[in-house]
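Trainee: Just the structure for this:
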Amino acid sequence: QVHLVESGGGLVQAGGSLRLSCSASGSIFSFNTMGWYRQAPGGQRELVADVTSGGTTTYGDSVKGRFTISRDNAKNTVDLQMNRLKPEDTAVYYCQVRWVVSYSPASSRTVWGQGTQVTVSS
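Mentor: Model prediction:
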């Protein structure tokens, strides 16, 4: 059983900063990808940023240059530093971890956190 616990959401004014943290517990394969997605009211869940256990990062276009993702492999944690926040960053932010279970046949596992609200006021 894999469990993700998120923290750090809240209310901030536009231009401000927040830091989200996610801690994973349970049986997780060492080679995995951890990341953050977000979902605004009425919108689809979208990638914010993710990072592989090898350190390769991917960012959504709307957050490039403002957000930074980092992870600690030893602790199975992933953080998201969000700077220069905008009202359009308002959403529920979800932590995710995923890993390949098998290549043949192809099988993977994805686990989601419960989500944390980020609200940016104008």
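Trainee: show me the residues around the residue positioned nearest the centre of the chain that make contact.
Mentor: For the chain, residue 36 is the residue whose C-alpha lies nearest the centre (C-alpha atoms, centre = their mean; 1.5 Å). Residue 36 makes contacts with 20, 22, 48, 49, 50, 69, 78, 80, 93, 94, 95, 96, as judged by C-beta atoms under 8 Å, 6 or more residues apart in numbering. C-beta coordinates here come from the backbone N, C-alpha and C atoms, glycine included.
Trainee: Doesn't it belong to a strand?
Mentor: Yes - under DSSP: H, G, I helix; E, B strand; the rest coil, residue 36 sits within a strand.
Trainee: Skipping adjacent residues, who's closest to it in space?
Mentor: Spatial nearest neighbour of residue 36, excluding adjacent residues (C-beta to C-beta, 6 or more residues apart in numbering): residue 48 at 4.3 Å.
Trainee: so what's the one you found up against?
Mentor: 35, 36, 37, 38, 59, 60, 63, 67, 69, 80, 93.
Trainee: Nearest to residue 86, out of the residues you listed: which one, please.
Mentor: residue 63 (9.6 Å; C-beta to C-beta).
Trainee: Tell me how many other residues surround that closest one.
Mentor: Residue 63 has 23 neighbouring residues, counting by other C-beta atoms under 10 Å.
Trainee: and if you look at residue 29?
Mentor: Residue 29: 14 neighbours (other C-beta under 10 Å).
Trainee: Just the residues contacting the strand ranked longest in the chain, thanks.
Mentor: If you go by DSSP state E, the chain has its longest strand at strand 91-103. Contacts to strand 91-103, defined as C-beta under 8 Å, 6+ apart, come from residues 2, 4, 6, 9, 20, 22, 24, 28-29, 31-40, 43, 45, 48, 50, 78, 80, 106-118.
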